[in-house]
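Engineer: Model the following, please.
(chains A and B)
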2 protein chains.
Amino acid sequence: MKIAIVFGGSSYEHEISIVSSIAMKDVLKEELIYIFCDQNREFFEIPNKIIKSKLFSSGEYKKCEQLTLKKGGFSKKSMFSQKDVAFDVVLNLTHGGDGEDGVLASLFEFYGIKFIGPRVEACSVSSHKFLTKGYATSLGVNTIDYSFYTKNDTIEIESFPVIIKPARLGSSIGVSIVKSVEELNYALDVAFEFDDAVLIEPFISGIKEYNLAGTKIGNEFKFSIIEEPQKVEFLDFDKKYLDFSRTSKAVEADLTQEIQEKIKESFKKLYNTLFEGSLIRCDFFVLDNEVYINEINSIPGSMANYLFEDFSTLLYALANDLPTKKRIVINYEYVNKIQASKGK
Amino acid sequence: MKIAIVFGGSSYEHEISIVSSIAMKDVLKEELIYIFCDQNREFFEIPNKIIKSKLFSSGEYKKCEQLTLKKGGFSKKSMFSQKDVAFDVVLNLTHGGDGEDGVLASLFEFYGIKFIGPRVEACSVSSHKFLTKGYATSLGVNTIDYSFYTKNDTIEIESFPVIIKPARLGSSIGVSIVKSVEELNYALDVAFEFDDAVLIEPFISGIKEYNLAGTKIGNEFKFSIIEEPQKVEFLDFDKKYLDFSRTSKAVEADLTQEIQEKIKESFKKLYNTLFEGSLIRCDFFVLDNEVYINEINSIPGSMANYLFEDFSTLLYALANDLPTKKRIVINYEYVNKIQASKGK
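Structural biologist: Model prediction:
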């Protein structure tokens, strides 16, 4: 089984996608193909042997072979012939824009390329925090209270501290904790710098956070351990980014059976069936024995490999169990009916 | 302003997309370019002069020039040169799959092609009925009660009649009204034939339906008249399909000012800001003076032109006011930081 990792993209998380992808070399057992999408959305095949983060920052990757999308995969650009890149399945490891917002999922769907990763609806629901809230609520999964504003709205906060988040970005980009009304405008400016919509939630100091990753093979859920991530006041950009290179095993959180079950039940509801084909990490809050979804990472940093006992085996099992779309046959019955009635 | 209509697609609504697109010839004032996406997802440029529905059902379209997607547009396939197709903006008129599910929106986004039509999140929210319900609810817009089931769920209905709908399809495909438990299994089989998830709603006989189309230019909403569509028990496939060729003006529904306002307020909430760039038609129910959203048509049949006084002027105004994505600049600051710390 040859997996092609597609990474990079036009995304605020472009760089951590590089780091995540390089980490896969240490955790996946079989040979990997690396397909880099640069910030101009040109594709390059990066040889396994030479991949390292500096290749991208220096621009040296441009010396690698350029690829074009085609039916069923990628081909190498050359003057007189087309040579296809040989792989069995793509692993979408493009964090944030392009990868987690549905763009690449749509491209793979359109060009008929098998891929591990969230499908387009799963992307929309997980990458837009307002949609995550609505989705979770309609599934009966708790979320922290919130209000939602767009750029021209009047914003009034009743009680501080609050946490302000751009509606669409991950990895704490543009997120601020606001402790008083004096800090509000600056924080809003920062958030609106990244998005035309923001969510404001009460900031609950000391709230416990727990992460659970998982996927579904056949009809069976495969869960990781539950981890309590280390955090400062909240995960800042640098700290969170360094997590993307994690490959050493995490420590299981000390939780009652009841809370563990509640976390897993919430995960199942959120995953089923929209996230089929992907391996996701859900970040939950626990408050007064109740479980709340904070966010769904549809392409988690380093694929959350550090949470699984045998990540490699699991990922190859998922690669062999991807959802397929039914082929639509168009027989022009309707158009023929119009023709017939016009002929009368 | 040269508009390129992209239509067809791998979709159960492929044929009505053809009909809708041909109708545009009669209602748009300036020259049109036609780009057909066939069921195998190959693109062809169809000359304005020869377009008619039979061209597609006969397969004759294959004699037209084949196109490939490229940065900023489409180019004509030829042995020794690339010739671009000249247009200013795409009008996405691919109903259902590919067009309304976010696939083409993602392609246009990825290749940097300006287009009129729903963006990817708007597609997810409007094409998946379960997500529409959750989205509407979190905006404070009423929806009819429903239950949501996937293929392996046990389904128990407390009271009949109900209406069963596949979660994802439009145009009444796979939809049944079920009057008793005896009819249930067959209706479920039909719905699950088209999707792995279904919604079941109480069927409210004689409920009034009203359609309102609109868009936003700058910060101002532009509404159509509100129409009460003619219907039999519910719109069946053929009847609904014939509506896609509509170009003659509709008759305004006789509604109180209060209900009209409620319908418009609901439309604004649903549109804002996710549907920017598109012209949509929302179908509402009215029951006991309350307004409920039934469905959001993110690419309505024949663009709902028949509901507007001056559709052509409005569409060209929208073409000049499309949302643009901020360009993300990647400076490799993070990767450079890693390099620097490794060098220490």
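
Engineer: Show the pLDDT at residue A:232.
Structural biologist: In the prediction, the pLDDT value recorded for residue A:232 is 57.

Engineer: Could you do the one 5 residues further on as well?
Structural biologist: At residue A:237, the predicted lDDT confidence score is 55.

Engineer: Check which residues of the longest strand along chain A are buried.
Structural biologist: Counting residues, the longest strand in chain A under DSSP state E turns out to be strand A:208-217. Of the residues in strand A:208-217, those scored as buried under the neighbour-count criterion (16 or more other CB atoms under 10 Å in any protein chain shown) are A:209-216. Yep, even glycine has a C-beta here, placed from its N, CA and C like the rest.

Engineer: Tell me which strands that strand pairs with, and in which orientation.
Structural biologist: Partner strands and pairing direction for strand A:208-217 (DSSP bridges) are strand A:220-227 (antiparallel), strand A:280-287 (antiparallel).

Engineer: deepest of the ones you listed, which one?
Structural biologist: Among those, ranked by average contacts under mean count of other CB atoms under 10 Å in any protein chain shown, first place goes to strand A:280-287 (a mean of 20).

Engineer: Would you mark the buried spots in stretch A:190-206?
Structural biologist: Result for stretch A:190-206 [16+ other CB under 10 Å]: buried residues A:190-192, A:194-203.

Engineer: which residues of chain A score low on pLDDT?
Structural biologist: Of all residues in chain A, those with pLDDT under 70 make up the ranges A:79, A:171, A:231-243, A:341-344.

Engineer: Kindly reformat the buried residues of stretch A:190-206 as TSV containing secondary structure.
Structural biologist: Conversion of those to TSV gives the following (DSSP: H, G, I helix; E, B strand; the rest coil):
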residue	secondary structure
A:190	helix
A:191	helix
A:192	helix
A:194	helix
A:195	coil
A:196	coil
A:197	strand
A:198	strand
A:199	strand
A:200	strand
A:201	strand
A:202	strand
A:203	coil
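
Engineer: among the residues you listed, which are in reach of chain B?
Structural biologist: Intersecting the buried residues of stretch A:190-206 with the surroundings of chain B, defined as CB under 8 Å from any CB of the partner chain, gives A:196-197.

Engineer: Let's see the longest strand of chain A as PDB, backbone CA atoms only.
Structural biologist: Provided in PDB are the C-alpha atoms of strand A:208-217 (Å, rounded to 0.1, in the frame of the first residue of the first chain):
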ATOM      1  CA  LYS A 208     -10.400  20.700  31.900                       C
ATOM      2  CA  GLU A 209      -9.700  19.800  28.300                       C
ATOM      3  CA  TYR A 210      -9.500  16.300  27.000                       C
ATOM      4  CA  ASN A 211      -8.700  15.000  23.500                       C
ATOM      5  CA  LEU A 212      -9.900  11.800  21.900                       C
ATOM      6  CA  ALA A 213      -9.000  10.700  18.400                       C
ATOM      7  CA  GLY A 214     -10.600   8.000  16.400                       C
ATOM      8  CA  THR A 215     -12.000   6.600  13.200                       C
ATOM      9  CA  LYS A 216     -14.500   4.000  12.000                       C
ATOM     10  CA  ILE A 217     -13.400   0.800  10.200                       C
END
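
Engineer: what's in contact with it?
Structural biologist: If you take CB atoms under 8 Å, 6 or more residues apart in numbering or on different chains as the criterion, strand A:208-217 is touched by A:221-224, A:226-229, A:231, A:253, A:255, A:263-264, A:267, A:271-272, A:275-276, A:278-287, A:294, A:300, A:304, A:307-308, A:314, A:317-318, A:321.
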